[in-house]
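J.: I would like the atomic coordinates for the input below:
(2 chains)
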Amino acid sequence: MDAEQPIVAIGALRKRFGELEVLKGIDLAVQRGEVVAIIGKSGSGKSTLLRCINGLEEFQQGTLAVDGQALRHGDARAMRALRQHVGMIFQGFNLFPHLSVGRNVMLAPGLVKDRKGPEAEARARALLQRVGLAEKFDAWPDQLSGGQQQRVAIARALAMDPSVLLCDEITSALDPELVGEVLKVVEDLARDGMTLLMVTHEMNFARKVADRVVFMHAGRIHEMGPPAELFAAPKTPELQQFLSALH
Amino acid sequence: MVDFSLWDIVRNLLLAARWTVALSAIAFVGGGLVGLALLVARIARWPGARQGVGLYVQVFQGTPLLMQLFLAYFGLALLGLEVSAWFAAGLALTLYTSAFLTEIWRGCVDAVPKGQWEASASLALSLREQLRWVIGPQALRIAVPPTVGFLVQVIKGTALASVIGFIELTKAGTMITNATFQPFTVYACVALLYFLLCWPISAWSRRLERKLHRGR
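T.: Now for the predicted structure:
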């Protein structure tokens, strides 16, 4: 594959909820290994943009491709292929409560990639080890803290070997003292070269880990650049106001 | 004057109870299968399924089972379709039960948080895999009590099939009363037999519920 080709390519993407247009022409290209933080007020369309990338939301106009594969709604096979390239972590963890931690991690690879048996289990254990939860393989989701559940959700997404990981405000539902353990895992992933798109309110984290920060405002990418530039010298009054409101 | 012993009464009621059991079994199996098919059609958003199933549910929930039995038996006959009482009762009970079950189960599926659909979809699971491995097991746990509650209603509802000639438990009770002039004894036995049919199902449902909770 061409190294120059962006792993996520979004062109002129527009999305409406009924009459309300929430994305008004988004152009964004994400390179392999890049860490992109998407910031902005609630209602600016940042979560919607993220959810368009793996087809949880349909868009009306524009193009979107992951790893060179165009997203085609209504084509179940194409969606299944695309979603194997895109992992997603949610604000509310969304672990499967009726399955043990280990089976949460093993379910999708077993069904979609036909990975079963001792090898699949060894891999699940290795992934749980990677997020620091090796001993929780047989635990139930409701026995874990929020931070632990979110780390299991990360292991579950990684089990599908995604090329891109989407993180939708993954620490917003956590108690403050649990945020660090999750961000630590994400930071390790970034260091290992995982391509990450994350909607976040953790500005310090974005500053530290992101290669590029995207500021969304009113359904558009309003300002974009390396974190050092963007946070130190915001060009638009909207971003200045957004950043000053945080302090 | 012929004397009837208690055993005569119970024995005849037991014979009639076979029909109650058979009609109930038809209603459970037929209604369950059709209800499940309608549920899947609605979840999979087949064209027209939402309105079609909605109308179906409204019609069969909104009319008395008694009328449905009448129409299935005499109505079809008027249209020139000569059907047996078995066919008519099986048809009416299946339609009636499926309409209620599909609506009950839809509520149970809706009660599974939306995040479960989204998480399983973003792990590339197909609709079938989502239903089988993620949504179904969680909906099932919610569905046990209302489903069993309704099935117990159906067992008692089969008494209405007497209008098209079935001599099931209730009808047999009436006939035996007419012969024995012992209404209290006879109807006490009838009630007891219904209880013996329904109670094990309720007990089994409570056990199943506990098991599903423990085993997740």
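J.: Residue 49: how many residues sit nearby?
T.: No chain was given, so I picked chain A. For residue A:49, the count of nearby residues is 28 (other C-beta atoms under 10 Å in any protein chain shown). (C-beta placed from N, C-alpha, C; glycine too.)
J.: wait, I meant chain B there
T.: 17.
J.: ok, for it, nearest residue in space, not its chain neighbours?
T.: Computed as C-beta to C-beta, 6 or more residues apart in numbering or on different chains, the closest residue to residue B:49 that is not its neighbour in sequence is residue B:41, at 4.1 Å.
J.: Am I right that the one you found is in contact with residue B:51?
T.: No. Using C-beta atoms under 8 Å, residue B:41 is not in contact with residue B:51, being 11.4 Å away.
J.: Which one's more surrounded, those two?
T.: residue B:41 (17 against 10).
J.: From chain A, how far off is the more buried one?
T.: Noted for residue B:41: a distance of 17 Å to chain A, by C-beta to the nearest C-beta, to the nearest Å.
J.: can you pull the contacts of that residue?
T.: B:49, B:52, B:53 (C-beta atoms under 8 Å, 6 or more residues apart in numbering or on different chains).
J.: Extract the C-alpha set from the host helix or strand of residue A:154 and format it as PDB.
T.: Using DSSP states H and E, the element containing residue A:154 is helix A:146-158. Provided in PDB are the C-alpha atoms of helix A:146-158 (Å, rounded to 0.1, in the frame of the first residue of the first chain):
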ATOM      1  CA  GLY A 146     -15.200   2.400  35.200                       C
ATOM      2  CA  GLY A 147     -11.500   2.700  34.400                       C
ATOM      3  CA  GLN A 148     -11.100  -1.000  34.300                       C
ATOM      4  CA  GLN A 149     -14.200  -1.400  32.100                       C
ATOM      5  CA  GLN A 150     -12.900   1.200  29.700                       C
ATOM      6  CA  ARG A 151      -9.500  -0.600  29.500                       C
ATOM      7  CA  VAL A 152     -11.300  -3.900  28.700                       C
ATOM      8  CA  ALA A 153     -13.200  -2.000  26.000                       C
ATOM      9  CA  ILE A 154      -9.900  -0.900  24.500                       C
ATOM     10  CA  ALA A 155      -8.600  -4.500  24.600                       C
ATOM     11  CA  ARG A 156     -11.800  -5.700  22.900                       C
ATOM     12  CA  ALA A 157     -11.400  -3.200  20.100                       C
ATOM     13  CA  LEU A 158      -7.700  -4.100  19.700                       C
END
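J.: in the helix or strand that it is followed by, what's buried?
T.: Later in the chain than helix A:146-158, the nearest helix or strand by DSSP H and E is strand A:164-168. Within strand A:164-168, the residues that count as buried by 16 or more other C-beta atoms under 10 Å in any protein chain shown are A:164, A:165, A:166, A:167, A:168.
J.: Kindly reformat these as JSON lines containing pLDDT.
T.: Output for the buried residues of strand A:164-168, formatted as JSON lines (pLDDT from 0 to 100):
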{"residue": "A:164", "pLDDT": "96"}
{"residue": "A:165", "pLDDT": "97"}
{"residue": "A:166", "pLDDT": "97"}
{"residue": "A:167", "pLDDT": "97"}
{"residue": "A:168", "pLDDT": "96"}
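J.: what does chain A have sitting close to chain B?
T.: Contact residues, chain A versus chain B (C-beta under 8 Å from any C-beta of the partner chain): A:54-56, A:76, A:79-80, A:83-84, A:86-88, A:90, A:92, A:94-100, A:107-108, A:111-112, A:140, A:153, A:156-157, A:160.
J.: Restricted to buried residues, select these in PyMOL.
T.: The following PyMOL line selects those of those that are buried, judged by 16+ other C-beta under 10 Å:
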select buried, chain A and resi 54+55+56+79+80+83+84+86+87+88+90+92+94+95+96+97+98+99+100+107+108+111+112+153+156+157+160
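J.: Quick check: closest non-adjacent residue to residue A:157.
T.: Excluding the flanking residues, the one nearest residue A:157 by C-beta to C-beta, 6+ apart is residue A:87, at 3.4 Å.
J.: Report the beta-bridge partners for that neighbour.
T.: Beta-bridge pairing of residue A:87 under DSSP bridges involves residue A:165.
J.: Tell me which residues of the helix or strand bottoming out on mean pLDDT in chain B come out buried.
T.: The helix or strand of chain B with the lowest confidence, counting by mean pLDDT, DSSP states H and E, is helix B:76-78 at a mean of 88. Using 16+ other C-beta under 10 Å as the test for burial, helix B:76-78 gives no buried residues.
J.: Spell out which residues are contacts of both of residue B:41 and residue B:51.
T.: Where contact means C-beta under 8 Å, 6+ apart, no residue is in contact with each of residue B:41 and residue B:51.
J.: Is there any residue in the helix or strand containing residue B:141 that contacts chain A?
T.: Assessed by DSSP H and E, residue B:141 sits inside helix B:136-157. Yes. For helix B:136-157, a contact with chain A is found by C-beta under 8 Å from any C-beta, at B:137, B:138, B:141.
J.: quick one, phi psi at residue A:199?
T.: phi -90, psi 120 (degrees, to the nearest 10).
J.: In this structure it contacts residue A:172, no?
T.: No. Under the criterion of C-beta under 8 Å, residue A:199 is not in contact with residue A:172, lying 9.2 Å apart.
J.: Return the distance of stretch B:103-116 from the chain's centre.
T.: Offset of stretch B:103-116 from its chain centre (C-alpha atoms, centre = their mean, to the nearest Å): 21 Å.
J.: Format the CA atom coordinates belonging to it as CSV.
T.: Presented in CSV, the C-alpha positions along stretch B:103-116 are these (Å, rounded to 0.1, in the frame of the first residue of the first chain):
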residue,chain,number,x,y,z
GLU,B,103,-44.9,-7.1,20.9
ILE,B,104,-43.7,-8.3,24.3
TRP,B,105,-40.4,-9.3,22.8
ARG,B,106,-40.0,-6.1,20.9
GLY,B,107,-40.2,-4.3,24.2
CYS,B,108,-37.5,-6.5,25.6
VAL,B,109,-35.2,-5.9,22.6
ASP,B,110,-35.8,-2.2,22.9
ALA,B,111,-34.9,-2.4,26.6
VAL,B,112,-31.4,-3.5,25.7
PRO,B,113,-29.3,-0.3,25.7
LYS,B,114,-28.5,1.3,22.4
GLY,B,115,-24.8,1.2,23.2
GLN,B,116,-24.9,-2.6,23.0
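J.: one step back: give me the next element, helix or strand, following the least confident helix or strand of chain B.
T.: Next element after helix B:76-78 (DSSP H and E): helix B:85-111.
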